[in-house]
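Asker: Sharing a sequence plus its predicted fold:
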Amino acid sequence: MEKPKNGGIENLRMAVLDMIQSEGLALGDKLPTEKAMAERFQVSRPTLREALKLLERDAVIEAQQGKGRFIAAGAALSIARPITKFESVSDMVRSHGYNAQTTVLGFSTLPADEEIAVALSLETGSPVLRVERLRHAKGEPLVYSVDWIPQKLFGNGVHGEADWAGSIVDLLADIDKRPVASTATVKSVMLPDMVVRMHNLETFGSALLIEEICYSADGSRVIFAQDYHRGSAFSFSFVRK
């Protein structure tokens, strides 16, 4: 049984993609029946259909009346980890095959400067949480991250005692502010010299910096993320439609 972790249609969609990849299904191949996939993923058939509709929308699969569902041309693009897909950094790192650990390098509450205030649609000087983290595997650094979060989202909650080494997406989900979409800019950079010196990241090399503004379902800006992906460890695809 391969029940998707944490449930949810998006996780089920990813589980079907993983199945397509692991079984080597190619363009024109037929998917297992609804009954077989529902049993495999331990979900109801209506729930499965919702996930399959997302894959049909993205041209990953196509439904042929009376025949079933078949792999379509978009499957290769989706399995290539398009950079246009919203997912947490932790999920992205796992998708590249790394069993990574997260170290919290710093946590503080600061007044938002102009850049952060604009990104999060706040007044300059508004209090924001700054979470600095490093994902690493087998002693090698993979992603250096700085996340900025409006303090007001937590109200009087004890945010300083949260598990910031875990998923920020899940922490925000706990207060009904789960990120569901984002806008991002991408550029090739080197880590800032001060970061390299402070955290002994001389071996990190060139990085792909993804600066991302994440939105919750109600349109609120909940994270401004600055993620430096080690260039030698990751690759992404860009899909033009």
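Answerer: Cool, the structure landed. Numbers count the residues shown, from 1 in each chain.
Asker: Not counting stretch 170-177 itself, show me its contacts.
Answerer: Contact partners of stretch 170-177, identified using C-beta atoms under 8 Å, 6 or more residues apart in numbering, comprise 149, 153-154, 157, 162-164, 178-179, 216, 220, 222-223. Quick note: C-beta positions are derived from backbone N, CA and C, even for glycine.
Asker: could you dump the residues you listed to TSV with neighbour count?
Answerer: Compiled in TSV, these are given as follows (neighbours: other C-beta atoms under 10 Å):
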residue	neighbour count
149	25
153	21
154	18
157	13
162	16
163	11
164	20
178	16
179	23
216	19
220	15
222	22
223	25
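Asker: ok, residues contacting the helix or strand hosting residue 222?
Answerer: For residue 222, the element it lies in under DSSP states H and E is strand 221-230. Identification of contacts with strand 221-230 by C-beta under 8 Å, 6+ apart yields 89, 116, 119-121, 141-150, 153, 168, 172, 177, 179, 189, 191, 204-205, 207-216.
Asker: Among the contacts of stretch 170-177, name the ones in strands.
Answerer: Of the contacts of stretch 170-177, the ones assigned to strands by DSSP state E are 149, 179, 216, 222-223.
Asker: Restrict whichever strand or helix holds residue 118 to CA atoms and write it as PDB.
Answerer: Residue 118 is part of helix 114-120, with elements assigned from DSSP H and E. Written as PDB, here are the backbone C-alpha positions of helix 114-120 (Å, rounded to 0.1, in the frame of the first residue of the first chain):
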ATOM      1  CA  GLU A 114      11.600  48.100   2.600                       C
ATOM      2  CA  GLU A 115      12.400  45.000   0.500                       C
ATOM      3  CA  ILE A 116      10.800  42.600   3.000                       C
ATOM      4  CA  ALA A 117       7.800  44.900   3.600                       C
ATOM      5  CA  VAL A 118       7.000  45.100  -0.100                       C
ATOM      6  CA  ALA A 119       7.400  41.400  -0.600                       C
ATOM      7  CA  LEU A 120       5.000  40.600   2.300                       C
END
